[in-house]
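>>> Based on what follows, work out the 3D shape:
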Amino acid sequence: MEEKILTKDKLKEKVFKVSTFKPAIKRTKPHKHGGYYELIFLSQGEGFHWIESQHFRLSPPDLYFMKPDQMHCWQFTDIPKGYVLLFRDSMLDPIREAPLLGLIHQLKAVTRISLPGNFDLEPTFQGMLHEYEHPTPYASEIILGHLRTLFALLLKFSPQQKLNGAIGQTPSAIYQKFTELLNEMGNGKNLNVGDFAEKLGTSVQNLNAICKKHGNRSTSQHVTSQLLLEAKRNILHTDMTLNELADFLGFNDASYFVKFFKKHTGQTPYQFRQNYLG
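Okay, the predicted model is just below:
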């Protein structure tokens, strides 16, 4: 019998909920969230996020804005940390909260927002979480105030247009497109710093500066991180042999791949698999 895509309702009768992200390495099945928005802020973690047909490599700090009934699933390769915020349209009075509804409407075309590495959203989410868990007579107004601030900040950092490869694009747009290219290129045979710079219409030096500013790491460190993520993903979720995986990731032989993996994780591929899968 054909398996249907599950629709979850984490709100039940509520109109709002905020919580910390579950700190667990997991892989979820594709599912939908029925009738409410979901705002996911990740301050750390590694892995992948699928939203409908889009495939994102996690690059914290980043944020995902899920609309009602969108389908998504996760695959983590490291412990995630962050917050999940759920709310329904019915929470917002169409007259009193017209400015907030306007901000939300402007973000409806945005799925992912990559935040600057030095930008901290945690106080905003912590403020909402405190009011949610310890409500006072003014809790709803305080939460709405945080929401107005949050969505205004998200618009500040959201991409206003798709990057077309021209040098004149903003650094934040170049960085977002760079992370998208990391996903699209997929494996080590294609990961070359010079290739990225050429595709983005910029220099290797400028791309490196942008990566350091917006991702707190050099371009080559991002590339290494991508290699490790691809390696972890396939170690945990495929039956590839070491030779097959080394070839897939662009290493000359399995022994070189094992040395690379142990240098950056402190474990051999076998030890990594045993620790997470038992």
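
>>> Do a quick rundown of the helices in the stretch 1-150 of the chain.
Using DSSP state H, counting those that start in this stretch, the helices found in the stretch 1-150 of the chain span residues 98-106, 122-133, 139-157.

>>> rank those helices by pLDDT, which is bottom?
Among those, helix 98-106 has the lowest mean pLDDT, at a mean of 83.

>>> so what does that helix touch, helix or strand wise?
helix 139-157 (3 or more Cβ pairs under 8 Å, 6 or more residues apart in numbering; DSSP states H and E). C-beta coordinates here come from the backbone N, C-alpha and C atoms, glycine included.

>>> Tell me which other helices or strands the helix it packs on touches.
In terms of contacts (3+ Cβ pairs under 8 Å, 6+ apart), helix 139-157 is packed against helix 98-106, strand 112-114, helix 122-133.

>>> Check the offset of the first one from the chain's centre.
Centroid displacement of helix 98-106 relative to its chain, using Cα atoms, centre = their mean, to the nearest Å, is 23 Å.

>>> Kindly calculate the angle that it makes with helix 139-157.
40 degrees (axes from the mean of the first three to the mean of the last three Cα atoms, to 10 degrees).

>>> The last one now?
Angle between the axes of helix 122-133 and helix 139-157 is 160 degrees (criterion: the same axes, to 10 degrees).

>>> Can you list the buried residues in helix 122-133?
124-125, 127-129, 131-132 (16 or more other Cβ atoms under 10 Å).

>>> got JSON lines for these, with distance to Arg217 too?
Output for the buried residues of helix 122-133, formatted as JSON lines (distance: Cβ to Cβ, whole Å):
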{"residue": "Thr124", "distance to Arg217": "25"}
{"residue": "Phe125", "distance to Arg217": "24"}
{"residue": "Gly127", "distance to Arg217": "29"}
{"residue": "Met128", "distance to Arg217": "29"}
{"residue": "Leu129", "distance to Arg217": "29"}
{"residue": "Glu131", "distance to Arg217": "35"}
{"residue": "Tyr132", "distance to Arg217": "34"}
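
>>> Can you tell me which of the residues you listed is nearest Ala152?
Thr124 (10.7 Å; Cβ to Cβ).

>>> quick one, what contacts that closest one?
By Cβ atoms under 8 Å, 6 or more residues apart in numbering, the contact list for Thr124 reads 146, 149-150, 153.

>>> Mind telling me the two of those residues farthest from one another?
Farthest pair in these, by Cβ to Cβ: His146 and Leu153, 10.5 Å.

>>> Those two: which is more packed in?
Higher neighbour count among His146 and Leu153: His146, with 20 against 17, using other Cβ atoms under 10 Å.

>>> confidence score at Ala166?
Ala166 is given a pLDDT of 38.

>>> Ok, Glu2 next?
For Glu2, pLDDT reads 41.

>>> The helix or strand harbouring His222 - what's its average pLDDT?
Under the criterion of DSSP states H and E, His222 resides in helix 219-237. The pLDDT scores in helix 219-237 average 84.

>>> Next, report how far it is displaced from the centre of its chain.
Its chain's C-alpha centre and that of helix 219-237 lie 15 Å apart, by Cα atoms, centre = their mean.

>>> likewise stretch 35-55?
Here the centre of stretch 35-55 is set off from its chain's centre by 5 Å, with Cα atoms, centre = their mean.

>>> Endpoint to endpoint, that stretch covers what distance?
23 Å (Cα to Cα, to the nearest Å).

>>> buried residues in it?
By neighbour count on 16+ other Cβ under 10 Å, the buried set for stretch 35-55 is 36-43, 45-49, 51.
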